[in-house]
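Novice: Got a predicted structure here, sequence first:
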Amino acid sequence: MLQNGFRAALVQCLVGKDRLKNLENASNLIHKAKSNGAQLVALPECFNSPYGTKFFDEYAESIPDGPTSKMLSEAAKKHSIYIIGGTFPERDDNKLYNTCTVWNPNGDLIAKFRKMHLFDIDIPGGITFKESDILCSGRDLVTFEMFGVTVGLGICYDLRFEELAKLYRIKGCKLLVYPGAFNMTTGPLHWELLQRSRALDNQLYVFAISPARGEHGYIAWGHSQVTDPWGKVVAQAKHGEEIIYSDLDFTECDKVRAQIPIFDQRRTDIYDTVCKI
Ligand SMILES: O=C(O)CCC(=O)C(=O)O
């Protein structure tokens, strides 16, 4: 155990159409990350299925009953680690969500976050996507504790909404984790910039974990990334299947917060960010 934090692994796995193969591959990579000392392993958005509105219904599972939850719970317990289980489509009461689950070293489900801002954009000649055709959005901020650190969850498009990240900072988070799958249009433009912005604005670590870039269907940008509380990129993958590691030191959050005390200097007499739920 590191003195002021823990070792994290971001697993940028390749995802195909075969659910069981996707689970087996993720499970093998979790094992590898543990062998290299990871205490927290984080997976990408939609790691059990190809990413696309036409796939959500077929691959959806209820939580924690389905095979994807089972694999994550068993892997967390077997390796005695925390797992942030990327996302997979969740079915609940005949509705579908894009959902991130978190498992503790006993294999218990300790947090569940449903994507709050659905990915509906239209860039002609670039990318058009409409998650809201099939998915419902979540409405809860979700945090959990590990090794004394409060962690907040978001999913991909949620990265664009600075208010969500700020509310997590106000709730005491020092790490925000976003499984995500940016594309070949917005990836090169915004992926790194958004993460550095959220980290810098809120003086915390940011993880974003992408699937590896495949050759068919939705082409993910890759480049899973760890950004520190100063806004510096401290680890970044390329686009293929890869695990990146980072030894986190949460005293960096304390330092930047004390040295650049923007949260004590906010003009909340003029503006505010209020948590309504
Ligand atoms: O915001 C973007 O450009 C990409 C978002 C995305 O791919 C997603 O929400 O799944």
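Specialist: Arrived safely. Residues are numbered from 1 along each chain as shown.

Novice: what about residue 112, which helix or strand?
Specialist: For residue 112, the element it lies in under DSSP states H and E is strand 109-114.

Novice: Pairing partners for that strand, with directions?
Specialist: In the sheet, strand 109-114 lines up against strand 95-103 (antiparallel) (DSSP bridges).

Novice: List the buried residues in the strand it pairs with.
Specialist: 96-103 (16 or more other CB atoms under 10 Å). C-betas here are computed from N, CA, C, even on glycine.

Novice: quick one: which of these is nearest the ligand?
Specialist: residue 98 (7.6 Å; CB to the nearest ligand atom).

Novice: separation between that closest one and residue 59?
Specialist: Taken as CB to CB, to the nearest Å, the spacing of residue 98 relative to residue 59 amounts to 11 Å.

Novice: just residue 111 next, same as before
Specialist: 21 Å.

Novice: What of residue 216?
Specialist: 16 Å.

Novice: Please identify the residues of this protein in proximity to the ligand?
Specialist: Residues of the chain lying close to the ligand by CB under 6 Å from any ligand atom are 45, 119, 156-157, 160, 181-183, 186, 190.

Novice: Taking those, please make a ChimeraX selection of just the buried ones.
Specialist: Entered in ChimeraX, the line below selects the buried ones among the residues of the chain next to the ligand, by 16+ other CB under 10 Å:
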select :45,119,156,157,160,181,182,183,186
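
Novice: Narrow the residues of the chain next to the ligand to those in helices?
Specialist: Residues from the residues of the chain next to the ligand lying in helices, with DSSP state H as the criterion: residue 186.

Novice: Let me have the residues of the chain next to the ligand in TSV, extended by pLDDT.
Specialist: Below are these laid out as TSV (pLDDT from 0 to 100):
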residue	pLDDT
45	98
119	95
156	98
157	98
160	98
181	97
182	97
183	97
186	97
190	98
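
Novice: biggest separation within the residues of the chain next to the ligand, which pair?
Specialist: Pairwise distances across the residues of the chain next to the ligand (CB to CB) peak at 15.4 Å, for the pair 45 and 190.

Novice: For the stretch 51-200 of the chain, which segments count as helices?
Specialist: 53-59, 67-79, 162-170, 186, 192-202 (DSSP state H, counting those that start in this stretch).

Novice: Serialize these to JSON lines and add fields for distance to residue 123.
Specialist: As requested, these are exported to JSON lines (distance: least, CB to CB, whole Å):
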{"stretch": "helix 53-59", "distance to residue 123": "17"}
{"stretch": "helix 67-79", "distance to residue 123": "31"}
{"stretch": "helix 162-170", "distance to residue 123": "21"}
{"stretch": "helix 186", "distance to residue 123": "8"}
{"stretch": "helix 192-202", "distance to residue 123": "16"}
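
Novice: Out of the ones you listed, which is closest to residue 273?
Specialist: Nearest to residue 273, of these and by CB to CB, is helix 162-170 at 4.9 Å.

Novice: Could you export the closest one as CSV, CA atoms only?
Specialist: Provided in CSV are the C-alpha atoms of helix 162-170 (Å, rounded to 0.1, in the frame of the first residue of the first chain):
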residue,chain,number,x,y,z
GLU,A,162,-18.5,20.9,-15.5
GLU,A,163,-21.3,21.3,-13.0
LEU,A,164,-21.4,17.5,-12.2
ALA,A,165,-17.6,17.5,-11.5
LYS,A,166,-17.9,20.6,-9.4
LEU,A,167,-20.7,19.1,-7.3
TYR,A,168,-18.5,16.0,-6.7
ARG,A,169,-15.7,18.3,-5.5
ILE,A,170,-18.1,20.0,-3.2
